[in-house]
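S.K.: here is a sequence with its predicted model. Questions after.
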Amino acid sequence: MGEGLLDFGRAPLVKGRGMSVSMPMMERVRAAQGMRQAVVKVASYAHGIARVQGVMDYIGRKGKLELETESGEAITDTVQARALVANWSRDFDRGRRSRDAVHVVFSMPAGSQVEALRESVRKVGARAFPDQEWVFAIHQDKKHPHAHMVVKMRGRKKDKKLRLGKPQLYKLREIFAEAAREQGVPLAASSRAARGIGQKGQSQAMYQMHHKGIVPKVEKQAAEELIFELKRGTLIEKPWEKAMRERNEHERKAYKEEAARFRAAAVKAKAEQDQRFQQRLLKAAEDM
């Protein structure tokens, strides 16, 4: 099998630098058009048979939902799921902090066809994880259909283990967006900075805390800082806010420059076409 489209080994660190992940011009265009974004999230990592089995039980609703493997095999009950995890466990690491499996969620916009999602996730698995073993299940308990995939971190080539850093996750979004477009679902994979959005989506931990009525400490501190600045009478632009604003200005400038280049190329092509047409007419006239 091929190496896949994701990097293996230790992922490079990316610390808040908006320009660290390059974005193709077509993705810039899709962002400018306001195309809906592909949503790919790492829900959790799991270590050991019990934890991995717990994730399997969750995505399969303890046997109520069918799981599909990378080979197309259907897992229809908890007995089969437990046998699969037991087979995977032969490659699990002994270290207490090791990651044996990763739980990834792929979401499509509300109203998307379930079969389009199913086929898209199959393609993502084949293209992104050709050396890995994985299973996925489709959930329809929300307005937007979404798929839960569990990927075994240790690949068939035993010396290679999957690691998902920011660049690899961005690439995974690109793969999912491309697969979705092939199924007739127009999705883009542009960064938040390119779209002028500075705030990250809510993490699972934050969501659970809010659901239980707990206000996270970081939000309390942010509120206190805002109140202090309001009392002082000035709101100071934070360094990360400034970086996001400058990144978005850079993207908008790139859009304008690229649009001007496209227009110039179109005018030149039309002029050349008109000239060739005129030459054909003159030659036809001479041949008469």
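M.R.: Alright, I've got the coordinates. Residues are numbered from 1 along each chain as shown.

S.K.: tell me which helix or strand of the protein sits lowest on mean pLDDT?
M.R.: Least confident helix or strand, the chain: helix 204-211 with a mean of 56, by mean pLDDT, DSSP states H and E.

S.K.: can you pull out the helices in the stretch 51-200 of the chain?
M.R.: In the stretch 51-200 of the chain, the helices defined using DSSP state H, counting those that start in this stretch lie at 78-88, 114-128, 166-182.

S.K.: mind putting the ones you listed into CSV with mean pLDDT?
M.R.: Converted to CSV, those look like this (pLDDT from 0 to 100):
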stretch, mean pLDDT
helix 78-88, 96
helix 114-128, 97
helix 166-182, 93
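
S.K.: now for those helices, which one comes closest to Gln221?
M.R.: Among the helices of the stretch 51-200 of the chain, helix 166-182 comes nearest to Gln221, with 24.8 Å by CB to CB. Any C-beta I mention is one placed from the backbone N, CA and C, and that applies to glycine too.

S.K.: for that closest one, packing partners?
M.R.: The contact analysis (3 or more CB pairs under 8 Å, 6 or more residues apart in numbering; DSSP states H and E) places helix 166-182 against strand 39-46, helix 114-128.

S.K.: closest to Ala74 out of these?
M.R.: Evaluated over those, closeness to Ala74 peaks at helix 114-128, with 12.2 Å, by CB to CB.

S.K.: now do the buried residues in the closest one.
M.R.: By 16 or more other CB atoms under 10 Å, the buried positions in helix 114-128 come out as 116-118, 120-128.

S.K.: need the residues you listed in a markdown table with distance to Gly184, can you?
M.R.: Below are the buried residues of helix 114-128 laid out as a markdown table (distance: CB to CB, whole Å):
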| residue | distance to Gly184 |
| --- | --- |
| Ala116 | 6 |
| Leu117 | 11 |
| Arg118 | 13 |
| Ser120 | 10 |
| Val121 | 15 |
| Arg122 | 15 |
| Lys123 | 13 |
| Val124 | 16 |
| Gly125 | 19 |
| Ala126 | 19 |
| Arg127 | 18 |
| Ala128 | 21 |
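
S.K.: can you list the helices and strands packed on helix 166-182 in a markdown table and add distance to Ile175?
M.R.: Below are those laid out as a markdown table (distance: least, CB to CB, whole Å):
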| stretch | distance to Ile175 |
| --- | --- |
| strand 39-46 | 9 |
| helix 114-128 | 5 |
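
S.K.: figure out which of those is closest to Glu249.
M.R.: strand 39-46 (26.0 Å).

S.K.: can you tell me the strand partners of that closest one and which way each runs?
M.R.: In the sheet, strand 39-46 lines up against strand 101-107 (antiparallel) (DSSP bridges).
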